[in-house]
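Visitor: Just a sequence and a predicted model for now, questions to come.
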Amino acid sequence: MRKIAIMGAMPEEIEPIIGKLENVKETVYAANKYYEGIYNGKEVVVAYSKIGKVFATLTATILIEKFACDTLLFSGVAGAISDELKIGDLIIAEGVSQHDLDITAFGHPYGYVPEGEVCIPTDMNLRNIAKDVAKEKGLTLKEGIIATGDQFVANEERKNWIGSTFKADALEMEGAAVAVVCSSLNIPFFILRAISDSADMDASFNFDEFLESSAKISADFILTMVDAIDS
Ligand code: ADE
């Protein structure tokens, strides 16, 4: 049977999921809590990593290597770059890039290091399942590139630079780290985000106000996806 990892960065991003699990077993490992449980008959392991690429790398690796998860779904919030995206809207990553990875001094493009990829594609099958779920629920789901970096972006100029350099529609702080782990270990992965702010001068205020509600929108969608994934 499949074992699905559901990962967020912050407690608010996974709490709506943990509350819906049966037979929950909590394990502390490497200073993080992991919740093994059953959702509608499917085995899942849920965890939040803490914010940023390094913590996300650690948690994704542990979910796969220690808890033997064979599919990883990320649920959380993001800052909008595209004007089409408003607070509460959902976006799925078709690919993810590290916007703060920079060895351009050696003639490489932003986001690239040798043997890496500027944009890592997410699993097409999981994206198709998400599109089917959205259709069934009558929800609008945008698909686009999500840019990741160890920065809370609250600046129009930086946001626009990220948008034009990576053709990104949204930004956050973990997705590309999860992508590096999962693609290296051949684990199909999926990144879903609901918009909490627009990465502009109001971003920190909006983030505080909408973190919980947007995180729940994303978490609810992820649970419907778990139902739709073959066991
Ligand atoms: N996640 C949600 N909003 C964000 C922002 N403005 N910058 C980085 N990560 C975010």
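Guide: Okay, I see it. Numbers count the residues shown, from 1 in each chain.
Visitor: the strands in this structure, which residues?
Guide: Using DSSP state E, the strands of the chain run over 3-8, 22-29, 32-39, 42-48, 71-80, 90-98, 120-121, 141-148, 168-172, 189-197.
Visitor: Give the partner strands of the second one in its sheet and their orientations.
Guide: Sheet partners assigned to strand 22-29 using DSSP bridges are listed as strand 32-39 (antiparallel).
Visitor: residues contacting Gly111?
Guide: Contact partners of Gly111, counting by Cβ atoms under 8 Å, 6 or more residues apart in numbering, are 97-99, 101, 118-119, 165-166. All C-beta atoms are positioned from the backbone trio N, CA, C, and that covers glycine.
Visitor: Same question for Val113.
Guide: 101, 103.
Visitor: can you tell me how far it sits from the ligand?
Guide: For Val113, the distance to the ligand equals 21 Å [Cβ to the nearest ligand atom, to the nearest Å].
Visitor: correct me, but His178 touches Phe55?
Guide: If you look again at residue 178, you'll see it is Val, not His. No: Val178 is beyond contact range of Phe55, at 10.8 Å (criterion: Cβ atoms under 8 Å).
Visitor: If you count surrounding residues, which of those two has more?
Guide: Val178 (32 against 19; other Cβ atoms under 10 Å).
Visitor: And for the closest residue to the more buried one other than its chain neighbours, the neighbour number?
Guide: Distances taken as Cβ to Cβ, 6 or more residues apart in numbering put Ala60 closest to Val178, at 4.7 Å, once the chain neighbours are dropped. Using other Cβ under 10 Å, Ala60 is surrounded by 27 other residues.
Visitor: Tyr39 now?
Guide: Applying other Cβ under 10 Å, we find 18 residues neighbouring Tyr39.
Visitor: and stretch 212-220, anywhere near the ligand?
Guide: No: Stretch 212-220 lies apart from the ligand when judged by Cβ under 6 Å from any ligand atom; the minimum separation is 8.5 Å.
Visitor: And Thr140, how close does it get to the ligand?
Guide: Separation of Thr140 from the ligand (Cβ to the nearest ligand atom): 19 Å.
Visitor: And that residue, how close does it get to Met124?
Guide: The gap separating Thr140 from Met124 is 20 Å, by Cβ to Cβ, to the nearest Å.
Visitor: list the contacts for Lys3?
Guide: 43-45, 67-71.
Visitor: Of those, which qualify as buried by neighbour count?
Guide: Buried members of the contacts of Lys3, counted by 16 or more other Cβ atoms under 10 Å: 43-45, 67, 69, 71.
Visitor: if we can go back for a sec, take the contacts of Lys3 and lay them out in JSON lines including pLDDT.
Guide: What follows is the contacts of Lys3, written out as JSON lines (pLDDT from 0 to 100):
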{"residue": "Glu43", "pLDDT": "98"}
{"residue": "Val44", "pLDDT": "98"}
{"residue": "Val45", "pLDDT": "98"}
{"residue": "Phe67", "pLDDT": "98"}
{"residue": "Ala68", "pLDDT": "98"}
{"residue": "Cys69", "pLDDT": "98"}
{"residue": "Asp70", "pLDDT": "98"}
{"residue": "Thr71", "pLDDT": "98"}
